[in-house]
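Engineer: quick one, structure for this:
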Amino acid sequence: MISNNVFNGASEMTLLKLKVASTMIINRVTCATLLSVGIGLTGVSAASAQVASKGLTPAANTYRSYQNASIVRDSGLSQPLDLLNDFYPAVAVTVSDHDNVRRRPDFQEEDLKITVDPSLAYRTNIGRHQFYAAYNGTFTFHQDIEQEDAESNGLFAKAGLDLSRRWDLDLFGGFGESFEERGLSGGRDFFLFDADSLNAGPEELEYKSFGADLAYGRKLGVLKGVLGFERVETTFDSDDQLLRQSARERDRESDSVHLDVDWQFGARTSLFGRVQYTETDYISILNTLDSEQTDYLIGLRWKPSSALSGVLGVGQSEKDFVDPNVEDYDSDTYYANLNYSLSAFSNIQLAASRQVEEPGDAQSSYYETDFVGVGWTHSLSPRWVVDVYSKWGDDDYNTGRKDNFTDWGIGVDYLWRSWLTAGLYYGEIERESNLSDVDYQDAYFGLRLKSDLRSWFGGSKQREIEPASFDYPKKTGPSQ
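Structural biologist: Residues are numbered from 1 along each chain as shown. From the prediction side, this is the model:
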């Protein structure tokens with residue numbers, strides 16, 4: 001999916017990015033499952049500039065971003081919400097010309113694609129408790145291949161209950177409808193899931209989720225812990241059309257329990273560990289991929305200087321299928337997310353991970369994905385910003401199928417007004433596989449607009465201290 005991330009090193013306007021995909025909030029690299037909220041503070045050193053969110057979204061159980069996968073979640077011990085009490089409206093628009101808009105393997109289809117991403121969030125305190133609610137939408141329009149038009153709508157809410165000096169309880173839930181991006185790693189192939197693939201639109205899905213996290217020592221103390229539960233239900237539209245009671249049906253329910261422990265031994269350094277157990281049950285009685293998965297992760301979260309910050313983790317993932325005839329999975333996993341500021345106006349992002357995923361094809365039981373990405377964001381002047389990224393992904397299926405992704409892009413953005421950023425971008429995506437009928441290439445260029453509608457409103461709140469992940473607090477206000 002085309003990046004909507006915009007960074008500006010000199011302006012102090014706050015850009016809000018909302019992306020609904022799973023259930024908890026990803027600020028300060030906190031645990032996440034359905035909603036990711038990034039505050040794009042305009043300093044290029046802000047850690048919200050994650051390379052994984054640029055270009056094609058990496059592998060991750062269809063509607064989840066790769067940061068949300070179980071082994072990647074490094075715990076929810078940090079402040080749950082880095083937002084002031086206020087409304088946060090925003091909208092992003094991209095207009096792009098694609099060489100192969102549907103990422104077909106047989107031949108390329110050129111088309112103009114428009115994507116509109118509106119969002120609205122609200123954060124407040126009720127006494128000493130926190131409340132947060134958000135809406136996020138994505139609407140795509142095509143000039144010629146209109147059956148490819150799709151939309152996504154999601155609602156999410158979270159209540160943070162301050163039980164005592166040492167105990168906190170987070171209750172969260174969300175629901176919505178979405179669609180599966182064409183050519184997504186692990187998604188259904190173009191000619192696979194529908195009898196009339198040429199006239200069918202992208203895979204549609206509905207989801208709902210709820211859960212709770214009980215946290216100890218979040219507000220103080222060297223040793224902290226979180227015990228949490230989450231339930232996610234996902235249904236796919238193509239199952240209703242064609243695959244009801246089929247072994248290829250993907251409708252499923254999952255329940256997970258996790259335990260996190262964090263030991264802080266310095267002002268900006270901590271060790272963390274995580275254990276998560278997940279049961280996945282497919283609705284179809286013919287689907288044999290019901291499984292029990294256990295993930296272990298231990299890592300380091302640190303900020304040794306004002307220039308360098310990040311998270312490193314290694315672990316183990318074990319996936320045991322209920323059906324004894326299905327091959328189990330057991331392998332090492334890893335996760336890295338580093339941010340380095342070359343200067344006040346130049347930032348490098350590095351991400352890497354390995355994890356096991358559930359595929360959308362009819363033959364395989366799982367696939368292991370390795371991902372590496374690097375990005376660079378640089379402010380040329382108080383108003384001009386350039387950003388470059390490159391990503392590589394390897395998917396190894398248990399059937400012997402191997403896919404290799406290459407994804408890169410470059411963009412230039414201009415801070416037109418304190419509330420509006422406009423830019424041009426170019427990108428290329430390629431998938432190569434030992435199965436020739438899934439290879440594709442797509443090159444695209446276009447225009448992107450992003451508006452922080454909150455900047456239209458005056459008042460003292462826009463000049464209050466607003467924190468940034470892995471960074472010192474920055475003041476927000478009009479551009480200088």
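Engineer: what stretches of the chain score poorly on pLDDT?
Structural biologist: 1-53, 56-82, 190-199, 238-248, 457-480 (pLDDT under 70).
Engineer: could you pull out the helices for this structure?
Structural biologist: 237-241 (DSSP state H).
Engineer: OK, contacts around the nearest residue to Asn153 once chain neighbours are set aside?
Structural biologist: Nearest non-adjacent residue to Asn153, counting by Cβ to Cβ, 6 or more residues apart in numbering: Gly137, 5.0 Å away. (Glycine included, C-beta is placed from N, CA and C.) Taking Cβ atoms under 8 Å, 6 or more residues apart in numbering, we find Gly137 in contact with 116-119, 151-154.
Engineer: select from those residues every entry located in strands.
Structural biologist: Among these, the residues falling in strands (DSSP state E) are 116-119, 151-154.
Engineer: what subset of those residues is buried?
Structural biologist: 116-119, 152, 154 (16 or more other Cβ atoms under 10 Å).
Engineer: taking those together, which two end up most distant?
Structural biologist: Across these, the longest distance by Cβ to Cβ is 14.7 Å; it joins Val116 and Gly154.
Engineer: identify each buried residue in stretch 373-388, please.
Structural biologist: Buried residues in stretch 373-388, counted by 16+ other Cβ under 10 Å: 373-379, 384-387.
Engineer: check stretch 412-427 too.
Structural biologist: 413-415, 418-423, 425, 427.
Engineer: from those, which is closest to Ser436?
Structural biologist: Comparing the buried residues of stretch 412-427 against Ser436 with Cβ to Cβ places Gly427 closest, at 23.8 Å.
Engineer: the closest one touches Gln441, doesn't it?
Structural biologist: No. Look at Gly427 against Gln441 with Cβ atoms under 8 Å: they stay out of range, at 11.7 Å.
Engineer: who touches both of those two?
Structural biologist: What both Gly427 and Gln441 touch, as defined by Cβ under 8 Å, 6+ apart, is an empty set.
Engineer: gap between Trp384 and Leu415?
Structural biologist: The spacing between Trp384 and Leu415, counted by Cβ to Cβ, to the nearest Å, is 8 Å.
Engineer: my error: substitute Glu430 in the last question.
Structural biologist: In this view, Glu430 and Leu415 are 32 Å apart by Cβ to Cβ.
Engineer: separation between Asp407 and Tyr389?
Structural biologist: As for Asp407, its distance to Tyr389 is 8 Å (criterion: Cβ to Cβ).
Engineer: overlap of the contact sets of the two?
Structural biologist: With Cβ under 8 Å, 6+ apart as the test, Asp407 and Tyr389 both reach Gly55.
Engineer: which of the two has more neighbours?
Structural biologist: Tyr389 (26 against 21; other Cβ atoms under 10 Å).
Engineer: list the contacts for that one?
Structural biologist: Listed by Cβ under 8 Å, 6+ apart, the contact partners of Tyr389 are 3, 51, 54-55, 373-376, 408-409.
Engineer: cool, and Arg252?
Structural biologist: By Cβ under 8 Å, 6+ apart, the contact list for Arg252 reads 233-234, 280-283.
Engineer: could you redo the last one with a cut-off of 10 Å?
Structural biologist: Arg252 makes contact with 61, 232-236, 280-284, 287, 289-291, 358, according to Cβ atoms under 10 Å, 6 or more residues apart in numbering.
Engineer: ditto for Thr406
Structural biologist: Taking Cβ under 10 Å, 6+ apart, we find Thr406 in contact with 55-56, 390-393, 428-432, 441.
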